[in-house]
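In: The amino acid sequence is not available; the structure is as follows:
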Ligand code: NAP
Ligand code: ZN
Ligand code: ZN
């Protein structure tokens with residue numbers, strides 16, 4: 001065991017404070033990683049505030065982890081000391097179920113071992129990336145593209161893959177009209193990726209405040225959802241809508257924007273339940289679906305795609321001491337477009 005410093009929520013809704021805990025020594029297939037940067041995902045906030053059901057405390061959040069390998073176990077073949085690597089939302093899975101065999105470990109029948117707020121197979125709690133180091137099985141570690149800076153690439157590990165996976169699954173590309181609802185951490189990656197894939201991209205944001213940013217990120221069109229005229233004007237428009245909103249909104253309104261055979265994919269996970277009218281689906285043969293992050297193989301494909309197209313996140317770097325302020329700003333949709341913690345600041349904690 002080795003001591004690790006980090007920041008944790010000790011109880012639900014408590015502010016995050018400095019916290020020391022143990023990381024295991026690398027086993028045969030483990031990689032030990034010195035964490036350089038960790039993104040702040042809205043899911044960190046949902047879980048630290050226990051909005052998704054009973055959570056495990058103390059909780060060290062963080063699943064957009066980018067760092068450098070400092071040691072490897074005796075049987076590791078994929079990584080060596082000095083490699084730039086990433087860790088996303090899960091650090092293990094059963095490896096035997098149909099989903100795991102299909103490379104869809106995020107849908108593991110035994111449930112993937114989430115990077116934090118979960119338990120390892122031996123029952124020990126997992127602790128995430130708001131910390132100086134982490135030890136992870138090599139099969140759940142990603143290789144960061146050499147040409148991308150680690151800080152701006154860190155958010156690809158969750159925000160990037162969460163949008164890449166449905167864009168690929170629902171065939172976003174030339175000739176497809178794609179709308180991204182919510183221009184936050186996930187949404188801005190959706191705009192960049194959908195644009196790089198060649199789709200016609202529309203942002204549906206609460207107001208027009210972020211319009212110039214949206215266009216710069218690659219959006220062809222930008223509309224305010226606070227304006228009721230938006231819903232009349234865009235009726236029956238989109239082949240694919242990806243809804244990244246972190247709060248409860250009326251899905252029926254958005255389903256009315258789908259073209260015939262269009263799909264709305266929900267990736268935002270608000271605390272509130274939603275209700276959908278049969279008519280919203282029946283008229284126009286619409287589909288309503290959901291999607292969670294992506295498997296290891298697809299996450300690596302996404303990273304390689306981003307390396308090739310030079311795609312990273314637009315980030316605001318903060319020190320770990322500012323994490324609670326950053327949470328408040330995320331809740332106010334006041335982030336352009338991902339906070340990333342510089343883990344060197346832990347030394348001053
Ligand atoms: P974020 O940065 O806070 O972005 C969410 C965006 O939603 C905001 O920027 C805002 O965009 C919009 N929004 C917020 N409140 C709204 C409201 N009341 N009405 C309408 N729009 C609102 O959060 P994120 O990190 O991108 O995460 C978004 C959601 O996805 C969270 O629920 C998170 O837990 C979930 N998530 C899911 C997965 C998955 O695998 N499915 C992975 C990661 C995160 P505008 O300012 O443009 O309106
Ligand atoms: Zn996340
Ligand atoms: Zn499995």
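Out: Good, I have the coordinates. Everything quoted here is computed from the prediction, not taken from an experiment. Ligands and ions are numbered 1, 2, ... in the order given.

In: Backbone dihedrals for residue 165, please?
Out: phi -60, psi -50 (degrees, to the nearest 10).

In: ok, now which ones touch the residue lying closest to it once chain neighbours are set aside?
Out: Spatial nearest neighbour of residue 165, excluding adjacent residues (Cβ to Cβ, 6 or more residues apart in numbering): residue 294 at 3.8 Å. Placement of C-beta: from N, CA and C, glycine included. With contact taken as Cβ atoms under 8 Å, 6 or more residues apart in numbering, residue 294 is in contact with 106, 161, 162, 164, 165, 302.

In: Quick one: buried ones out of the residues you listed?
Out: 106, 161, 162, 164, 165, 302 (16 or more other Cβ atoms under 10 Å).

In: which one of those residues sits closest to ligand 1?
Out: residue 162 (3.9 Å; Cβ to the nearest ligand atom).

In: Doesn't that closest one lie inside a helix?
Out: Yes. Under DSSP: H, G, I helix; E, B strand; the rest coil, residue 162 falls within a helix.

In: Give me the pLDDT value at it.
Out: pLDDT, residue 162: 98.

In: was I right about it contacting residue 187?
Out: No. Residue 162 is not in contact with residue 187 according to Cβ atoms under 8 Å; the separation is 10.3 Å.

In: isn't residue 28 right up against residue 72?
Out: No. Shown here, residue 28 and residue 72 do not form a contact pair, counting by Cβ under 8 Å, at 9.5 Å.

In: Give me every residue in this structure lying close to ligand 2.
Out: 41, 43, 158 (Cβ under 5 Å from the ion).

In: residues contacting the first one?
Out: What it means is residue 41. Counted by Cβ under 8 Å, 6+ apart, residue 41 has contacts 63, 64, 155, 158, 159, 185.

In: Please identify which of those is nearest to ligand 2.
Out: residue 158 (3.2 Å; Cβ to the ion).

In: and the gap between the residue in the stretch 1-150 of the chain that ligand 2 sits nearest to and residue 114?
Out: For the stretch 1-150 of the chain and ligand 2, the shortest gap (Cβ to the ion) falls at residue 41, measuring 3.0 Å. From residue 41 over to residue 114 the distance is 12 Å, taken as Cβ to Cβ, to the nearest Å.

In: Can you pull the residues that touch both of these two?
Out: Common neighbours of residue 41 and residue 114 (Cβ under 8 Å, 6+ apart) are residue 63.

In: and residue 160, what is it in contact with?
Out: Counted by Cβ under 8 Å, 6+ apart, residue 160 has contacts 189, 193, 302, 303, 306, 311, 313.

In: give me every residue that touches whatever residue of the stretch 201-349 of the chain ends up closest to ligand 2.
Out: Here the stretch 201-349 of the chain gets closest to ligand 2 at one residue, residue 293, 7.3 Å apart by Cβ to the ion. Contacts for residue 293 (Cβ under 8 Å, 6+ apart) come out as 88, 89, 90, 106, 158, 161, 162, 165, 299.

In: Count the residues that sit near residue 198.
Out: By other Cβ atoms under 10 Å, the residues close to residue 198 number 12.

In: And the pLDDT for the closest residue to it other than its chain neighbours?
Out: Leaving aside its chain neighbours, residue 198 sits nearest to residue 174 (4.1 Å; criterion: Cβ to Cβ, 6+ apart). In this prediction, residue 174 carries a pLDDT score of 98.

In: ok, residue 174 touching residue 196?
Out: No. Residue 174 is not in contact with residue 196 according to Cβ under 8 Å; the separation is 11.6 Å.

In: So those two - more neighbours on which side?
Out: Between residue 174 and residue 196, residue 196 has the larger neighbour count (other Cβ under 10 Å), namely 19 against 8.

In: How about the contacts made by that one?
Out: 218, 305, 309, 311.

In: Repeat the analysis, applying 6 Å as the threshold.
Out: residue 309 (Cβ atoms under 6 Å, 6 or more residues apart in numbering).

In: For it, what are phi and psi?
Out: According to degrees, to the nearest 10, residue 196 has phi -60, psi -30.

In: Starting from residue 118, give me the distance back to it.
Out: Distance from residue 196 to residue 118, by Cβ to Cβ: 32 Å.

In: Just to check, residue 27 is in contact with residue 71?
Out: No. With contact defined as Cβ atoms under 6 Å, residue 27 does not reach residue 71; the gap is 11.2 Å.

In: If you count surrounding residues, which of those two has more?
Out: residue 71 (15 against 12).

In: State whether the more buried one is indeed within a helix.
Out: No. In this structure, residue 71 is strand, not part of a helix, as judged by three-state DSSP.

In: Do a quick rundown of the helices in this protein.
Out: Under the criterion DSSP state H, the chain contains helices at 42-48, 98-101, 150-153, 159-169, 185-196, 211-217, 228-233, 251-255, 278-282, 296-309, 323-331.
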